[in-house]
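**Q** Predicted structure and sequence below. I'll ask about it afterward.
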Amino acid sequence: MADGYMLEARGLTRRYAGFTALNNVSFALREGEIRGLIGSNGAGKSTCMDVLTGRGKNPIGTVRLGGEDISKLSQRERRAKGLSRSFQKTSIFPDLTIREQVRLAARNAELDNSEEVISELALSSIADRLASDVSYGDQRRVDLALALVGRPKLLLLDEPAAGLTVEESLSMARMLRDLSERWKLTVMLVEHDMEVIFAICDRLTVLHLGEVLTEGDPESVRSNPEVIRAYLGSSFA
Amino acid sequence: DPIKIGVATALTGAYGDLGNEVRRAVEFAVEEVNAKGGIDGRLVETQFLDTQAKADISRQQAEKLVNDGYTLLTGAIASGEALAIAPMLERWDAVYIGTIPKADALTGAECSPRYFRANVPDSADAATVGTWLKDQPEKKWAIMGSDTAWGRNSGASFVGTSKGLEREVVTEGYAGLGTSDFAPYIQKIADSGAEGVWVALAGRDAINFAQQAKQFGLLDKVKVAGVSFVTDSTVKSLGDVSKGIFGIVNYSSTLDTPENKAFVAAWNKKYPGTWPANFEADTYVGMQMLFAAIDKADSAEPEAVAEALSGLTVDSIVGEVTVRPEDHQLVRGNFFGRIAEHDGVLRPVISATIDAAVAMPAANRDCQL
Amino acid sequence: MSSISSPSVRGAQAAPGQGIGLYLAIGCLVAVLGFALPFVGLPKNLLALLTSASISAILATAVGFLVRQAGLSSFGHAAFYGGAAYAIALLVKYTSLPAEVVVLAAPLLIVGLGVVVSLILLRTNGIAFSMLSLAMAQAVYELVMKWRDLANGEDGLRIRFAREIFGLKLSFFQKADTMFLVTWAVLVVVIAILVLVSRSNFGTLTIAIKNNEERARFLGYRTLWPRVVILALSALIAALGGTLFALYNGYVTPSLLHWTLSGEALIIAIIGGTRSVWAPAVGAFVFVILRDVAGNYTTHWQSIVGLVLIAVVLTLPNGIGGALTAFTNRFGGRQNG
Amino acid sequence: MTLLELEKVQSSYGSVRVLHDVSLRVAKGERVALVGRNGVGKTTVVNTLIGAARLNAGRVAFAGKSQSPIRPYHAARSGISIVPQGRRIVPGLTVRENLLLGSAPDRPGPWNLESIFGMYPILRERADGLGTAMSGGQQQMLAIGRALMANPDLLILDEPSEGLAPVVVDELGASLVRLAERGTAILLIEQNFGLIRSVGDRYYVMSKGSVVEQGRLAELSAEDLKRHVSV
Amino acid sequence: MLIQILNGLVYGGMLYIVSVGLVLIFGLRRVVNFAHGGLYMLGAYIGFAAGLYFGFWGGLVVALVLMALLGVLLDYGVFRPLQDKDHMTTVLVTFGILLVMEDMVHMIWGADTISVAMPALFDGTVDISGSPFPIYRLLVIAVAIVVVLGLTLWLRHSRAGLYVRASSVDALTTGMQGVDTERLSLAVVGLGTALAGLSGVIASPLMALSPAMGSSVLIESFIVVVIGGLGSFSGAFFAALVIGQVHNLGIVYLPNVSSMLPLLLMVVVLILKPSGFARSH
Ligand SMILES: Nc1ncnc2c1ncn2[C@@H]1O[C@H](COP(=O)(O)OP(=O)(O)OP(=O)(O)O)[C@@H](O)[C@H]1O
Ligand SMILES: Nc1ncnc2c1ncn2[C@@H]1O[C@H](COP(=O)(O)OP(=O)(O)OP(=O)(O)O)[C@@H](O)[C@H]1O
Ligand SMILES: [Mg+2]
Ligand SMILES: [Mg+2]
């Protein structure tokens, strides 16, 4: 990590049958940074995470994690290197209890902090229920727990606050901030809840139509007229 | 106490019709003998169990019958059933009368001191072909067989026989059991220029083939003959389509002997409007054998019955026949015939009788009893 | 399998590590009582039936385990079951290996081949898997049917075992009163091992993979190998069943390889229930005995089996095993789940 | 006229009772918000209306007619359209087909393919692509469009802002208000304060399977709203 | 050669009519209907029995009506009550129904093989490149084409077709749009079984009836459905055509392995494309 970047992405590109969802996107995250990735619906945010994690067919672009090139590695190997993610569409194990699956997720990591994560995410009271039996919001948090457990180096979160109440989103945001400091997590966060974004992000990258529209600290992004027009709308101006 | 006969046969499944023929014949024979007061004053009792003609089930059912005291067994349809049961007979202390399975191995390499065969084996059918074929004018023949050991062997022996008689086999097709569409085979035969077809198909396959061959006009163009093809059930299913088909006939209800006439008449009385079919008659022959042996042994103990059966001579509906001690095969003649009207009804009619001496090959040396 | 999906595996079952005492006790009791059966003067036919039922139970356990742990409904287990039986028959016929070696080697041989094939099968899931397994097994069936010189086609093969195997008389293996002890012992050991596997970390992982393979990969797990291991284990157990069948019957026919046998095993497994490892075995005993009783009284056993099948499925959604578990839980005063 | 009425509703999934005491009503042209934290049973209220959760006791009436048992299509045929949580875009159908699925030939009105395409142009661009191949937010637009296709008297939306960009949420709020002004009643289940405030008029608060409070949003301070949603 | 290709078309056409009913039922109820082979068999028997009184065509009509009714009953009495249960459960129930159905037919009509006479109108042959070819077989091809066109038009271009396709992937969501999916499925399952009956009756002059005829057609139609891509109507059509040709040409040119060819074809297709020919609808 000579250059001090935890994540360096260069030239990320994905095409679907003649249509480019992500076009030559590059960015870099410092260790411990919380980066917000925002942009209107269909801007390519989830696609960007897919390419970073090697999901889907032939991801194009270079991804370096802690200075090491991981572009050729499988999803499994990337996780072993410390790259972890959550999903916009909840992706959990319905037939396992919450505790079982969090433990399962922790088993490949150097340390098992599953109980800590369960209580941090306020899942303790329902930890022994099958994941299929809890409400949507709770399932969203289980998804988050699966990504968070084991202290990954880099955490990619796809709309973790969707489906949570305002209060819960904010407490989740605080928790993320807190954990990233305590565990030296680097986080890349996709979120439409601007309160969460502005509460915890160090920097923002704005995608538009598959390309980077702008990048900068929250204040400058917030006042960027292009961003307001394409994404934020008048209420945030 | 009664004499107990256990019949494990295919009452359901693909061979259900054959199993039901066996059942009818056994019931007929037993009723007849009981009406005469039984054998040596002992009445005969039967129990039927279903095997679906599957070897493993058959073996289980036979064992069950034996455990319940039914140590005189019969009923197998598929050769595999009999082959699976035969090796167990000594251990079970039982006797088996085979009336349907035709595999040569049953009285050959796999023969058992307790297995006796009343029906005509494959090798005997094969030996019958030549006597007929030599009189036929057709030079080019096609073979339509079932893709089983039986069908393949029949085909092979037809090829062998025809070579010696300067006949040429121009195409061979073997269809898997249960084939429903014979069109590709029929077309192949039509394209081959064959003047005759030798058919070694049985049951539903035979019927499907004949019916479709008729529709393609093949039956009108070529001579059709076969083994296990000219049977009563073929006639029943096909009606007029079957008229004129030639074939090896192990038994025909038109057989002109006093014993058979009496049998047919009695059968007609019990099952009005029907004639005994070949499998029914073969099973009846088996029962005649068994009853005679019990009578001779003065015992229904399997060991004694087996001893009596070996070398036994019976006055049966197919004439006076003997159980060969070397391999326990009933030495009987064979027939060639065709489907024709007899007494105003279509049925297999005998056109040539082949003597046992010619029809039944010598005992297989592989059989060591 | 979008249409033939497996039921949720848990629900009525205790979470790992808790409240297993009662089940352990019942399990041990049933196992021990089983060994006493040949000595209490049961009719021969009943013992023969129980012996066949335990062999079916082993096959059903194998099939049910695959459904439970991997969500795969195999229509091809006959290839492992019949395959092992045929391997024995052929090895006895064509080699002069001692019977002991044959009996031990045949299932391993089949599983070895099975694992190779499974690497292809496991590229698929759901119905595709069912149909592929069916196709592969039917291909083996066709091969045995067609290659008459090798295996004697539809007539099958008699296995001429030596007079003694493992120092015991051949008749020890071919008479129900003694063979039952062997088949029951194998069944008990198989279930015990599978229970341990299902409760291990590996067991949890396989259920995770069954639920959501992609996420499991994103959690850093290989997802092919655990599935291969489960399939291999299941295949091995099916092959054991086939081995016992061959020993007991001394005769093999192609129907041992036919898809209907696989289908029947699956039916038995579902009647028993696939939530628990042991339930398919219970299903086997019920099914085999029912079919036999029905067959004794009427040739309409098919209707009877069909109607009972429908009735069981409709009234006991988690199979007989699920009903037993619910009963035990109530009886043992425990809460569900 | 009361379009939707629930009276002391109790309902369950299998043997799990989720709703204990829910009473609420929405009249023609009303804009009602249903709030409460995760897992209190908001979605279950919707599921009860489509028969996906079993109604055990109480009364449910659509357009004045009591419903029992409730079948999935009853609501739609009574003029009630639903934008479900999780969107439920039908896989295998194109965007256009998904929209057509929502249309009700016997209910004419301002909404048709053209006007939906006018509101969400991206749907027109993707009209012949699969609905499920769109991004999360685009699918949300599709779900809303599909519900509108039936020209409903009452539109029920279950967390429609989930996954939508802030601009789009703003637009959604505005379009819901416009819709209401044209006479369509709205029942909005939401977590997003802004949207609740801009669309809602009356509100109900749920807690643990019961409706525990109701009133007018205008009379509710921001702190109180926050408290209700987060209790 | 031409005749062999025609024969392949006949075979494929028959297979298609059986399979498409399976696809319809699978589509709407997500049930792999093991009873389907039994329905095919029952259709043939009913057609035969009614044909004794009303002639072949009368028998066909009676069979179609009765089979459609039976389908409605099946949906109402079995599939609907079981719709919330595990799919495997329903599959097993259909298997149970198959067993009962075979036994009933066995009881009523006996185990003997029955053959049905050709309808007089189509008895006879036409000359195709020098060989006689049964006219009736051409009729079978024509029926298959009519079924394909009819279904395609209905499913692709009618509102009901849209509902069927939608309901087959997500019945609840479709229901929420105001579609009475239960009545829809009564109709569709009825149509599916009627098609099974149709194929049974159409097949009966070609192949003898026996209670076991259902099981043998079942596996082949499963293969068609799977290769076609589960639930895909057009996929099933192409799959049936291909299987028909492979089956026939296999018998002609590769007789020793012909019975394995459809299986191998399925293996290859599934390995290359686990979802089958068509993208799964
Ligand atoms: N499988 C696919 N096939 C075709 N197009 C796709 C596919 N997946 C995504 N897309 C398109 O790629 C673009 C980017 O999608 P992506 O899911 O990355 O958006 P997003 O930024 O995450 O949006 P949202 O905030 O709505 O989730 C969208 O226009 C989407 O429709
Ligand atoms: N299919 C189900 N089976 C059993 N319980 C369920 C099921 N679905 C939901 N529940 C339970 O019902 C309760 C209410 O769930 P519901 O989805 O209605 O909550 P919600 O208020 O919509 O929450 P959210 O804001 O997270 O969407 C939860 O406790 C949940 O665990
Ligand atoms: Mg996204
Ligand atoms: Mg909800």
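**A** Received it, and whenever you're ready, just let me know what you need. Ligands and ions are numbered 1, 2, ... in the order given.
**Q** only C-alpha atoms for contact and neighbour calcs from this point on.
**A** Fine.
**Q** can you pull the pLDDT of the residue in the stretch 1-150 of chain E that chain A sits nearest to?
**A** Using CA to the nearest CA, the closest approach of the stretch 1-150 of chain E to chain A is made by residue E:86 at 14.4 Å. pLDDT for residue E:86: 71.
**Q** So what's the residue count around it?
**A** Residue E:86: 18 surrounding residues under other CA atoms under 10 Å in any protein chain shown.
**Q** Look at residue B:322 and give its secondary structure.
**A** strand (DSSP: H, G, I helix; E, B strand; the rest coil).
**Q** hang on, the earlier thing: how close does the residue of the stretch 1-150 of chain E closest to chain A sit to residue C:308?
**A** The gap separating residue E:86 from residue C:308 is 18 Å, by CA to CA, to the nearest Å.
**Q** cool, and residue A:14?
**A** Residue A:14 is 55 Å from residue C:308, where distance means CA to CA.
**Q** ok, and does stretch E:32-48 reach over to chain C?
**A** Yes. Residues of stretch E:32-48 are located near chain C by CA under 8 Å from any CA of the partner chain, namely residue E:32.
**Q** Now residue B:40. Nearest residue, chain neighbours left out?
**A** Distances taken as CA to CA, 6 or more residues apart in numbering or on different chains put residue B:295 closest to residue B:40, at 6.6 Å, once the chain neighbours are dropped.
**Q** Residue E:267: which element?
**A** Using DSSP states H and E, residue E:267 maps to helix E:261-272.
**Q** And for residue C:89?
**A** helix C:77-94.
**Q** which strands and helices sit next to that helix?
**A** helix C:99-121, helix C:126-146, helix C:224-249, strand C:251-252, helix C:259-272 (3 or more CA pairs under 8 Å, 6 or more residues apart in numbering or on different chains; DSSP states H and E).
**Q** can the shortest one be found next to chain B?
**A** Yes. Residues of strand C:251-252 are located near chain B by CA under 8 Å from any CA, namely C:251-252.
**Q** contacts for that strand?
**A** B:56, B:84, C:82, C:85-86, C:89, C:156-159, C:246 (CA atoms under 8 Å, 6 or more residues apart in numbering or on different chains).
**Q** host element of residue E:102?
**A** Going by DSSP H and E, residue E:102 is in helix E:87-109.
**Q** for the residue of the stretch 151-281 of chain E found nearest chain D, helix, strand, or coil?
**A** In the stretch 151-281 of chain E, the residue that lies nearest chain D is residue E:178 (4.1 Å; CA to the nearest CA). At residue E:178 the chain is in coil, as set by three-state DSSP.
**Q** how close does it get to residue E:214?
**A** Using CA to CA, residue E:178 is found at 38 Å from residue E:214.
**Q** Can you verify residue B:19 is assigned to a helix?
**A** Yes. Counting by three-state DSSP, residue B:19 is located in a helix.
**Q** show me what contacts the closest residue in space to it that isn't next to it in sequence?
**A** Closest residue in space to residue B:19, ignoring its immediate chain neighbours: residue B:10 at 4.4 Å, by CA to CA, 6+ apart. By CA under 8 Å, 6+ apart, the contact list for residue B:10 reads B:16, B:18-20, B:50-53, B:75-77.
**Q** Highest neighbour count among those?
**A** Busiest of the contacts of residue B:10 [other CA under 10 Å] is residue B:75, holding 34 neighbours.
**Q** ok, that one to chain D distance?
**A** Distance of residue B:75 to chain D, given as CA to the nearest CA, to the nearest Å: 53 Å.
**Q** Count the neighbours of the residue nearest to that residue when sequence neighbours are not counted for me.
**A** Closest residue to residue B:75 apart from its sequence neighbours, by CA to CA, 6+ apart: residue B:9 at 4.6 Å. Burial of residue B:9 is recorded as 31 neighbouring residues (other CA under 10 Å).
**Q** one step back: buried set for the helix holding residue C:89?
**A** Buried residues in helix C:77-94, defined by neighbour count with 16 or more other CA atoms under 10 Å in any protein chain shown: C:77-93.
**Q** Who does the residue lying closest to residue B:230 once chain neighbours are set aside form a beta bridge with?
**A** Closest residue to residue B:230 in three dimensions, ignoring its sequence neighbours and counting by CA to CA, 6+ apart: residue B:247, at 5.4 Å. Beta-bridge pairing for residue B:247 (DSSP bridges): residue B:226, residue B:337.
**Q** In contact with the nearest residue to residue C:212 once chain neighbours are set aside, which residues?
**A** Using CA to CA, 6+ apart and skipping the chain neighbours, the partner closest in space to residue C:212 is residue A:93 (6.1 Å). Residue A:93 makes contact with A:101, A:131-132, C:208, C:211-212 under the criterion CA under 8 Å, 6+ apart.
**Q** ok, residue B:61 - contacts?
**A** Taking CA under 8 Å, 6+ apart, we find residue B:61 in contact with B:8, B:49-51.
**Q** quick one: which of the residues you listed is nearest to chain A?
**A** Using CA to the nearest CA, residue B:51 is the member of those that lies nearest chain A, at 42.5 Å.
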